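In: any chance you can model this:
(one chain, ligands or ions: 1)
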Amino acid sequence: MINDSSAPIGIFDSGVGGLTIAKAIKNYMPYERLIYFGDTLHFPYGDKSREILEKYSLDISRFLIKEGCKAIVIACNSASSNTFLSLKEAFGDKIPVLNVIDPVVSYISEKNYTKIGLIATRATIKSQVYEKVIKNNRPEVQLCSLATPLLAPMVEEGFVNDKISTAVLRYYLNQETLYGIEALLLGCTHYPIIFEEIDRFYNGKIDIIQAPDLLAKKLHSTLKEEKCLANTNILTEDIFYASALTETFNHNAKLFFSSKIFLKEHHLKF
Ligand code: DGL
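Out: Numbering: from 1, shown residues only. Sure, this is the predicted structure:
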């Protein structure tokens, strides 16, 4: 294991969604240095096959390890649900590899929900990972899954808090599949960006479950166990890579992390 506490944490997603995870990590562990990779060139991940996602995720992880990262966070549900086991097998003996699904499932297993809705990309829904792990922990819970493929592209393109996002959300959240749920699980890291709109749709009456803070806590305990938590403020900046530097990525990264962030375009040989 790499136990250099000053090494950065590697985080990746298909685009801006993983920034919700990166932000939560930074808030919870301000001394940690981040290297973020947004694979904007291949966005969206939600319509890709397991084989393709595996290839992208392995290549990005190799790059992050080469950059000296001490842990890898798969800040994407589509990649977590389809590639976590392969990444763990490939790199798990070198560094901790975390997915965004386990912390959410642990959270749910402590609650008394009987009917939970899940909205996510097609790749995540098709993998049935949430069904499998939730059934293992809480067999009595009914999970009502709905693929919502327009949401991530909508957020990635910056349609948030406007007429378009309201109409698209209303269309999805009114589907019969979601009737009578007590909680809604946001199974895509792009969705916390539209958390308030979703909460407003339900008038704050159901729990909206999202990964960022839960993942940050899990990462903290993992790094603590590995004795590689950063404990002093290192004066090196976080780095944000994108495989294609889009306007939205630029805008969102700056919005999330103030204007002082360091953005770079980086092409991997896929
Ligand atoms: N943010 C990602 C997820 O959690 C991917 C969305 C996409 O690229 O389709 O699934």
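
In: show the subsequent helix or strand relative to the host helix or strand of residue 118.
Out: Using DSSP states H and E, residue 118 sits in strand 115-120. Where DSSP H and E defines the elements, the next helix or strand beyond strand 115-120 is helix 122-127.

In: which SSE is immediately downstream of that next one?
Out: Criterion used, DSSP H and E; the element after helix 122-127 is helix 129-137.

In: what lies in contact with that next one?
Out: 80-81, 101-102, 105, 108-109, 116, 118, 120, 124, 141, 143, 145, 185, 187 (C-beta atoms under 8 Å, 6 or more residues apart in numbering). Any C-beta I mention is one placed from the backbone N, CA and C, and that applies to glycine too.

In: output the contacting helices and strands for the helix or strand encompassing residue 89.
Out: Per DSSP H and E: residue 89 is located in helix 77-91. For helix 77-91, the packing partners by 3 or more C-beta pairs under 8 Å, 6 or more residues apart in numbering; DSSP states H and E come out as helix 50-66, strand 71-74, strand 97-99, helix 122-127, helix 129-137.

In: out of the ones you listed, deepest packed?
Out: Burial of these is given as mean neighbour count (mean count of other C-beta atoms under 10 Å); strand 71-74 ranks first at a mean of 27.

In: now do that one: distance to the chain's middle.
Out: 10 Å (C-alpha atoms, centre = their mean, to the nearest Å).

In: close to the ligand: what parts of the stretch 101-250 of the chain are there?
Out: Counting by C-beta under 6 Å from any ligand atom, the stretch 101-250 of the chain comes close to the ligand at 121, 124, 152, 188-190.

In: distance between the helix-or-strand element of the chain with minimal mean pLDDT and the chain's centre?
Out: Ranked by mean pLDDT, DSSP states H and E, the weakest helix or strand in the chain is helix 247-257, scoring a mean of 82. Computed by C-alpha atoms, centre = their mean, the chain-centroid distance of helix 247-257 equals 16 Å.

In: mind listing what's buried in that helix?
Out: 248-249, 252-253, 256-257 (16 or more other C-beta atoms under 10 Å).

In: what count of nearby residues applies to residue 177?
Out: Using other C-beta atoms under 10 Å, residue 177 has 13 neighbouring residues.

In: which residues touch it?
Out: Residue 177 makes contact with 117, 144-146 under the criterion C-beta under 8 Å, 6+ apart.

In: at 7 Å what do you get?
Out: By C-beta atoms under 7 Å, 6 or more residues apart in numbering, the residues touching residue 177 are 144, 146.

In: how is it assigned, secondary-structure-wise?
Out: On the three-state scheme (DSSP: H, G, I helix; E, B strand; the rest coil), residue 177 is labelled helix.

In: how much space between the closest residue in space to residue 264 that isn't next to it in sequence and residue 45?
Out: Spatial nearest neighbour of residue 264, chain neighbours left out: residue 241 (5.2 Å); criterion: C-beta to C-beta, 6 or more residues apart in numbering. In this view, residue 241 and residue 45 are 16 Å apart by C-beta to C-beta, to the nearest Å.

In: name the surrounding residues that touch stretch 82-99.
Out: Contact with stretch 82-99 is made by 1-2, 50, 53-54, 57-58, 61, 65, 69-74, 80, 123, 127, 215, 218-219, 222, 226, as judged by C-beta under 7 Å, 6+ apart.

In: straight-line length of it, end to end?
Out: Stretch 82-99 has an end-to-end distance of 10 Å (C-alpha to C-alpha, to the nearest Å).

In: for it, buried residues please.
Out: Buried residues in stretch 82-99, defined by neighbour count with 16+ other C-beta under 10 Å: 82-84, 86-88, 90-91, 95-99.

In: returning to that earlier point: helix or strand next in line after the least confident helix or strand of the chain, which one?
Out: Downstream of helix 247-257, the next assigned helix or strand under DSSP H and E is strand 262-265.

In: what helices or strands is that following strand leaning on?
Out: Other helices and strands packing on strand 262-265, by 3 or more C-beta pairs under 7 Å, 6 or more residues apart in numbering; DSSP states H and E, are strand 239-242.

In: could you export the strand it packs on as CSV, CA atoms only?
Out: Provided in CSV are the C-alpha atoms of strand 239-242 (Å, rounded to 0.1, in the frame of the first residue of the first chain):
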residue,chain,number,x,y,z
ILE,A,239,-5.5,19.4,-10.1
PHE,A,240,-8.5,18.9,-12.4
TYR,A,241,-8.0,17.0,-15.6
ALA,A,242,-10.6,16.7,-18.3
